[in-house]
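Colleague: next comes the sequence, and after it the predicted model I'd like to discuss.
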Amino acid sequence: MTPDAAQLAEKLRALLGEGRVLTAAEDVAVYAYDGTPVLRQNPACVVFPTTTEEVAACVRAAGRGRTPIVTRGSGTGLSGGSVPVEGCLVVCLARMDRVLEVDPRNLTIAVEAGVVTATVEETAARHGLFYPPDPGSRRISTIGGNVAENSGGLRGLKYGVTRDYVMGLEAVLASGEVVWLGNKCVKDVAGYNLRDLFIGSEGTLGIVTRVLLKLLPLPAARQTMLASFTSIEAAGETVSDIIAAKIIPCTLEFLDQQTLRCVEAFAQVGLPTEAAAILIMETDGHPQVVAEESAAMAKIAAARGAIEVRTATDAADAERLLTARRSAFSALARVRPTTILEDVTVPRSELAGMVSFIAATAAKHRLAIGTFGHMGDGNLHPTFLADERDHDEMHRVELALGEIVDRTLAVGGTITGEHGVGLAKKPYLRQQLGDSSYQLLRLVKRALDPEGLLNPGKIFDE
Amino acid sequence: MSESNLLKSLDYSVLQQCMHCGMCLPTCPTYDATKFERSSPRGRIRLMREVADGRLDVGPAFADEMSYCLGCLACQTACPAGVDYATLFEAARGEVERRGVAGGLRRRLVRWATMSVLFRRPRLLRALGRLLWLYQRLGVQTAIRRLAVVRLLPRGLQRLESMTPVVRAPFSHQRIAPRETPPAAKHRVALVTGCVQDLLYAAVNRATADVLLANGCEVVTPPWQYCCGSLHAHNGELELARDLARRNLDLYPVDELDAIVSNAGGCGSHLKKYAHLLHNDAAYRDRAEAWDAKVHDIHEWLVKIGVRAPRPSARGLPDQPLTVAYDASCHLLHGQKVARQPLDILRLVPNVVLVPLPEADWCCGAAGVYTLTQPEQSAKLLARKLDYLAGVGAAVVATGNPGCLLQLETGMRRDPRLAHVRVCHPVELLAEAYAAESRK
């Protein structure tokens, strides 16, 4: 540890006490990563503030010595957003985990940033309310991380993403000042919408410490189905037909054979491992609508040659299916040591072509790939199965990624639908945004964090 | 033996299998307690990888963290990537012992006395058990406690004295004949009587033999059995564990048996992995593989052979409903993945009404010798478990492992909310139901 870092650690210990400031080798080594494969960088120090005031004090202390700060929740991000930068201070908000208020009269919930996403959902449900965004890591991901990355999930198609539920937030700026942006009003046009600037800012503009979230009434009914197909195309066409039939289900998830076999090996929920692809379809809302929509979707799947359409027997069965789907990325790690996950998203009209293109690109570069994703909203997760020690193979992965990005952008898509740019997608951002938009991002960053203290080197190089 | 760094000599792909997604974190009791990444499975695996890669030395902090891990294996159930945490954990604890970084002379003395001496010599263990039984039975314990003589003992021993479990003689070999044959036997199985089970819960072994007999199994029970070695493997003594595995493989007539049945979740979990333990031993490898395939947990075996439902009691009166809460042994549930079968067995018992127990898949803090090595965290987990048990208000708590039985019994006896609640093994209820069939 450098003398500067040691000095900072001493100051932080004076602020927080001995137990909430970590600098030992065994302690910092375990904050070198998040959920993103391959990336690794030890921080100099990790702190666990429990109040906004403590976060602000940590930021001011780090700022004096120009020590960069990386904010972290549970470290489940998939673009390297919370992977440390050299010599940095990690501010871990896992212990800021209080639910502050549930307001059933305004349909809101206020929580600290370290509250786990599933806790928000469960707390809301106890009041008959519903928090829809459900990222795959919802049982451990924190709401602060969800806001920072603007996380999506399985219900994006009908309910949107985290951004659509944030009514207000508290953030600590690089200067150590604390700002509150937003309120409980449904309508509010007072000034620039700065709240939205912080959503998806990946910890580069401020540290989100509290969040006020919008809730919905809990849907009265829910029906989950599993359709299996002999070809990927048939699954894709089923999705297009469902959208064309003006049905907006809450979930339309796609898994190819490679993925569903890995998932089944883990979850053992009876997925049809001989199928080329499956769709997990869910509709929710008024019981009558749910019955009509699920019947219509089953009919469409059958018309597209589905081998089987199975309906979940009860809520527990449905939850098992969705939980199995949420494990897809991690389950693919059974096949090869290194899993490189993509997050490309295209307009839904381009989906079928994109799925075929991904398969062809993997074949061309002799790469194993598993593809799954949120077909209903055009968000795909092609995942390369490789070995980071095989340099030739990793080079081929890079080539294939480049081609997939080119194609995605050519059809009007985006390099990341829900994981964020972080470090993993950084090389492609300029290509997507074009020079002037890219410069605009930098301008915003410089205005809010002129010294580049907050998560520097993420999203773009400063 | 000059073994090189145990973590470096591991197949690297086992370490690499963890892609640090974090799905294990919410299932880990020690992460839940500290919210420190190093106390999580993902963090511990990273520390092991740092050691394997030569970036970190095995020091006291590493040793502490591996000791703090319960080894409950809940993370293994949660892991979509299929990481073999048990193997990693055993290698890590083995490396801690190999380097001698943990604890001082007294710790080494206690470890030597228990693992190298007591738990390798069944006759000595039972002799000690008999002595303890006498001490407790003849009122010496009460007298000593009353006279406060224990206060003269060193503090560590005082604590140990207060925790001494009640030894319940007669032991298994006095309750079960070496070979018991039912009329028209369909299967021949060996019964593993265990060490703790034998000294404290020999009645569970008798009940196990009874339910096996009632289901057409001839029961072979060697009167002097060796410890399965799980205590040793989980605590970094892999060589001693291998030695015990070989002794057991020599003791049982594996080829003549349809199954080797264990009624202790922790023992069974380890007994099923002899092939892995002895994979470098050409002389024993094949026999160990045959052995592993035959080892079954009692619940698993009964369900597999189509367990017979007991007939309602012949007393003519309807039995009072008996509310039962099932608390899963971690090594039965997460280690052996035997989840459904104990519940199936309990549902067979005519008057049993199962009440769902929240967090039944969460460790009770027993975790082998964790009560001794990490008393504080163990007590916290026990308190949490007792709160849930008090909440469901069942008349009986059933669990399939002697460590858990002892932990729950100890906690419940001191807890006024639960002092009246019976603690038992699921097969005891089944055995009682069979016994009641003929009772008038």
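Modeller: The structure has been received and is ready for your questions.

Colleague: which parts of the lengthiest helix in chain A are buried?
Modeller: As assigned by DSSP state H, the longest helix anywhere in chain A is helix A:391-410. Within helix A:391-410, the residues that count as buried by 16 or more other Cβ atoms under 10 Å in any protein chain shown are A:393-394, A:396-397, A:400-401, A:403-405, A:407-409. Every C-beta, even on glycine, is put in place using the N, C-alpha and C of the backbone.

Colleague: please list the outside residues in contact with stretch B:168-183.
Modeller: B:126, B:129-130, B:133, B:191, B:193, B:197-203, B:205-206, B:209, B:213-214, B:216-224 (Cβ atoms under 8 Å, 6 or more residues apart in numbering or on different chains).

Colleague: domain ranges for the chain?
Modeller: In the absence of a named chain, this looks at chain A. A:3-92, A:99-217, A:221-330, A:335-427 (automatic domain parsing).

Colleague: sorry, should have said chain B
Modeller: Split by automatic domain parsing, chain B gives B:12-99, B:105-163, B:172-304, B:322-437.

Colleague: and the residue nearest the centre of chain A, what does it touch?
Modeller: Centroid-nearest residue in chain A: A:Ser151, 3.7 Å away (criterion: Cα atoms, centre = their mean). By Cβ under 8 Å, 6+ apart, the contact set of A:Ser151 is A:133, A:135, A:141, A:145, A:161-162, A:418.

Colleague: by neighbours, which of the residues you listed wins?
Modeller: A:Gly145 (33 neighbours; other Cβ atoms under 10 Å in any protein chain shown).

Colleague: got a markdown table for the buried residues of helix A:391-410, with distance to chain B too?
Modeller: Converted to a markdown table, the buried residues of helix A:391-410 look like this (distance: Cβ to the nearest Cβ, whole Å):
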| residue | distance to chain B |
| --- | --- |
| A:Glu393 | 14 |
| A:Met394 | 14 |
| A:Arg396 | 19 |
| A:Val397 | 15 |
| A:Ala400 | 19 |
| A:Leu401 | 18 |
| A:Glu403 | 24 |
| A:Ile404 | 21 |
| A:Val405 | 22 |
| A:Arg407 | 26 |
| A:Thr408 | 24 |
| A:Leu409 | 28 |
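
Colleague: and the residues you listed, which is closest to A:Val120?
Modeller: A:Thr408 (31.5 Å; Cβ to Cβ).

Colleague: ok, back up a step: now do the longest helix of chain A, average pLDDT.
Modeller: Here helix A:391-410 scores 96 as its mean pLDDT.

Colleague: after that helix, next one along is what?
Modeller: helix A:426-433 (DSSP states H and E).

Colleague: start to end distance for stretch B:188-204?
Modeller: End-to-end span of stretch B:188-204 (Cα to Cα, to the nearest Å): 19 Å.

Colleague: ok, which stretches of the stretch 151-300 of chain A are helices?
Modeller: Ranges of helices within the stretch 151-300 of chain A are A:156-159, A:194-198, A:232-244, A:257-267, A:287-303, based on DSSP state H, counting those that start in this stretch.

Colleague: residues from chain B in reach of chain A?
Modeller: With Cβ under 8 Å from any Cβ of the partner chain as the criterion, chain B comes near chain A at residues B:13, B:16-17, B:19-23, B:25-26, B:35-38, B:40, B:42-43, B:46-47, B:50, B:55-56, B:59, B:61-62, B:65, B:79-82.

Colleague: sorry, back to before: backbone phi and psi for the residue nearest to the centre of chain A, please?
Modeller: Torsion angles at A:Ser151 (phi, psi; degrees, to the nearest 10) stand at phi -60, psi 150.
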